[in-house]
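Participant: Mind folding the following:
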Amino acid sequence: MLFHISSYSLIYLAAMVVAAVAAVLAWKRRSVSGGMWLFLAILAASEWTLADFLDVSSYGLAVKTFWGKVSYFGSASVAIFLLLFALEFTHRKKWITRTRVLLLMIVPALSWVLAFTNDWHHLLWTGFSYLSASANVLIYEHGLLYWVITGYIYVIILTATWFLFGYALHSRDLYRLQSIGLITGMLIPWIGELVYDFAPSVLPGLDTSAVTLTISSIIFIVSLTRWKLLDVIPVAREALVEQLQDSVIVLDEVDRVVELNQAARNLVREKERSWIGQPASQLFLPDFDLAALQVSEAPLEVMLNQDPPRYLEIRLASLFHPSGKKGGKLVVLHDITGRKHTERRLKESEQMLSSILDNLSSNVYVFDSQLRYLYVNRQMCDDFGLPRDQILGQDLSRFLIDDEHLAAIYENNWRVLKGETIRAEETSINRHTGKFSTFWTVKLPLLDADGKVTAGCGISTNITERKDVEKKLLELSLVDELTGLNNRRGFKLLGEQQLHTAERMKQSAMLLFADLDGLKQINDSLGHAEGNQALIDTAALLKKIFRSSDIIARLGGDEFVVLAIDASDNANETILARLQEYLRIHNLYENRAFRLGISVGVSRYDPSAPCTLDELLKRGDKAMYEHKQGKKRIVTSKLD
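Facilitator: Now for the predicted structure:
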């Protein structure tokens, strides 16, 4: 096969190369919306240009007409692919079905058949002639079906252009540039085709569509690279609205429903009734009249009496025509049922917690970084003699006098705000009552989600009465002189008061009865001085093990007793384990001539079945005796 490279050949060759580059770029983006159709369109244009190049570059009528027939594979199908691309690019993908694609391809397929059978019917080309004796350019004389097929292709390309043009008018800047680039790239070749069909004398024998395809391919390359065609794909606003979980309703100027998204259709149960064109006032009756709601910046909350009830937050905005005239309303309904349920549960929890705290006999409070009260319970209001709203936001100095004691409380509060937990006795003079009070206080920092201290919380138990009793005990010589503990009389006085408090507050209590093992042997073999030291060591161990709020006493001889209020059921094992550990450490490190041993018995006080202190002592003594006899198990006596 002989080839002759002419100026026409170079024009076709240049067009083919540029189209091939555009096809490669489109292929790389074939997976995005419309990418494959654009690739097929550019590929078809490349095949069309290649066939025209081979047509003008070859010799012989038979060879030239063969390549002319081959060009129909690309020229007849490129418009179909561009239409399919335009449909998908403008978010009309649901229009593209296999049946419709096949129907669109009937005419291109028919043109292929007609092209290769033209020698029999001459309906596409009625004849051929050369441009001149010297030129190797064949001029085709077109038949009736050529004009029918060409008319079909013009309709297809104009339809695609119409879709892109309408889309460009409503698109943002980048998407508008993409659409304009596509429209320009699609129209230029067909302007060339019009010149070829209806003004052949301009460039005789040259299919100008191939020339203009070069320009189109350049435009497509710019769209693909600079304007991010197929990289940045616009999302249909309709699709966005349909996928919103919020209900969206559009009303016209007279408050009729003109549009609902899927969430709104589900909300108003559109399957039961079509609401398009219906008055908005009937949408949610009898719960509320949507048409009566006014446009406002603040959202409105309504309840739908469904089963279960639903809560909605409604926002309304005015819609305007391009002329500025008001055109209706946009209504967005956000379902806040879950939030409402959470708020209700939170409120119930807060009320429950507040009820618990308000029934405590201790003062419970929260203070901020400036030592102002954020919360106080009822007991604290009673102590201050003021309602809660007159305490919140105020500094402690408003309620207490005596700068020395106030400074100590401030110091503890500042330490808490630095992250410490404080356990201490605090004394103060109430400005309202003028009374001097002593509190056993626990203060701890309150942290946010990031672990930062935001406030402090305090629980202060008034131990003034106990302190007064302890003072009287000292005055009445109710203290064991050897050990510094309460003696039997002091224990009876304090213990009965504690049991009375436990019964009133419905608190449990634990009594530990302890006996120093082998005191007589120590006295007989080592002397009374060593015996006294054993008693002092036992008292010191009990002070270490129990809280300062617990009552510890020496009943006499080798017997000791401890009364602990509000002790948990599992405190027995914990305390006894600590006692054994302290005894082990003491005997290991203290340089004594004797080995310290203690037998114990535990009895429990149940506020639901109160008993006297003497009964509690008897049960503890019995349990201790059983322990002393067995030395293998702990016996805990409880009231039946």
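Participant: quick one: Phe89 from Leu38, how far?
Facilitator: Phe89 sits 8 Å away from Leu38, going by Cβ to Cβ, to the nearest Å. C-beta coordinates here come from the backbone N, C-alpha and C atoms, glycine included.
Participant: Neighbour count: those two, which is higher?
Facilitator: Between Phe89 and Leu38, counted using other Cβ atoms under 10 Å, the more crowded position is Leu38 (31 against 27).
Participant: Off-centre distance for the strand or helix carrying that one?
Facilitator: Applying DSSP states H and E as the criterion places Leu38 in helix 35-57. Remark: helix 35-57 is offset 52 Å from the chain centroid, using Cα atoms, centre = their mean, to the nearest Å.
Participant: which outside residues touch stretch 325-338?
Facilitator: If you take Cβ atoms under 8 Å, 6 or more residues apart in numbering as the criterion, stretch 325-338 is touched by 245-253, 255, 258, 264, 267, 280, 290, 293, 295, 299, 301, 308-321.
Participant: just stretch 281-288 next, same as before
Facilitator: Contacts of stretch 281-288 (Cβ under 8 Å, 6+ apart): 249, 255, 257, 268, 275, 289-292, 302-305.
Participant: Ok, stretch 396-413 next?
Facilitator: 367, 371, 373, 384, 386, 391, 422, 424, 426-432, 441, 443, 456, 458.
Participant: And the buried ones among those, selectable in ChimeraX?
Facilitator: Command for ChimeraX that selects the buried part of the contacts of stretch 396-413, burial taken from 16 or more other Cβ atoms under 10 Å:
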select :367,371,373,384,386,391,422,426,427,428,430,441,443,456,458
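Participant: In strands only, show me the contacts of stretch 396-413.
Facilitator: In this view, the contacts of stretch 396-413 that belong to strands under DSSP state E are 367, 373, 422, 424, 426-430, 441, 443, 456, 458.
Participant: all helices of the stretch 501-640 of the chain, in order?
Facilitator: In the stretch 501-640 of the chain, the helices defined using DSSP state H, counting those that start in this stretch lie at 519-526, 528-545, 571-589, 613-630.
Participant: dump the residue contacts of the residue nearest to Leu260 when sequence neighbours are not counted.
Facilitator: Take Leu260 and drop its neighbours on the chain: the residue closest to it by Cβ to Cβ, 6 or more residues apart in numbering is Ile249, 5.4 Å away. In this structure, Ile249 makes contact with Val257, Glu259, Leu260, Ala264, Ala280, Leu283, Leu290, Leu330, Val331, Leu333, judged by Cβ under 8 Å, 6+ apart.
Participant: per-residue confidence for Ile249?
Facilitator: Here, the pLDDT recorded for Ile249 equals 88.
Participant: Repeat that for Asp207.
Facilitator: pLDDT at Asp207 comes out at 60.
Participant: so Trp440 touches Ile463, yeah?
Facilitator: Yes. Contact criterion Cβ atoms under 8 Å: Trp440 and Ile463 qualify, at 5.0 Å.
Participant: Need the residues touching each of those two.
Facilitator: Common neighbours of Trp440 and Ile463, using Cβ under 8 Å, 6+ apart, are Glu425, Ser549.
Participant: I'd like the distance between the residue positioned nearest the centre of the chain and Val268.
Facilitator: What sits nearest the mean C-alpha location of the chain, by Cα atoms, centre = their mean, is Arg339, with 13.5 Å. For Arg339, the distance to Val268 equals 21 Å [Cβ to Cβ].
Participant: And Trp125, by the same measure?
Facilitator: According to Cβ to Cβ, Trp125 stands 63 Å off from Val268.
Participant: now Thr126
Facilitator: According to Cβ to Cβ, Thr126 and Val268 sit 65 Å apart.
Participant: Looking at the two, which has the bigger crowd around it?
Facilitator: Using other Cβ under 10 Å as the criterion, Thr126 and Val268 rank with Val268 on top: 20 against 13.
Participant: wait, doesn't that one sit right on Gln278?
Facilitator: No. Using Cβ under 8 Å, Val268 makes no contact with Gln278, being 9.8 Å away.
Participant: ok, Asp255 - how many residues close by?
Facilitator: Taking other Cβ under 10 Å as the criterion, the count of residues near Asp255 is 16.
Participant: Which residue comes closest to it once chain neighbours are left out?
Facilitator: Spatial nearest neighbour of Asp255, chain neighbours left out: Ala291 (4.0 Å); criterion: Cβ to Cβ, 6+ apart.
Participant: The stretch 201-350 of the chain: helices as residue ranges?
Facilitator: With helices called from DSSP H, counting those that start in this stretch, the stretch 201-350 of the chain shows them at 208-225, 237-243, 262-267, 337-358.
Participant: ok so, going back, taking the ones in strands among the contacts of stretch 396-413 together, which two end up most distant?
Facilitator: Ile429 and Gly456 (22.0 Å; Cβ to Cβ).
Participant: Tally up the residues packed near Leu138, please.
Facilitator: Number of residues near Leu138 (other Cβ under 10 Å) recorded here: 19.
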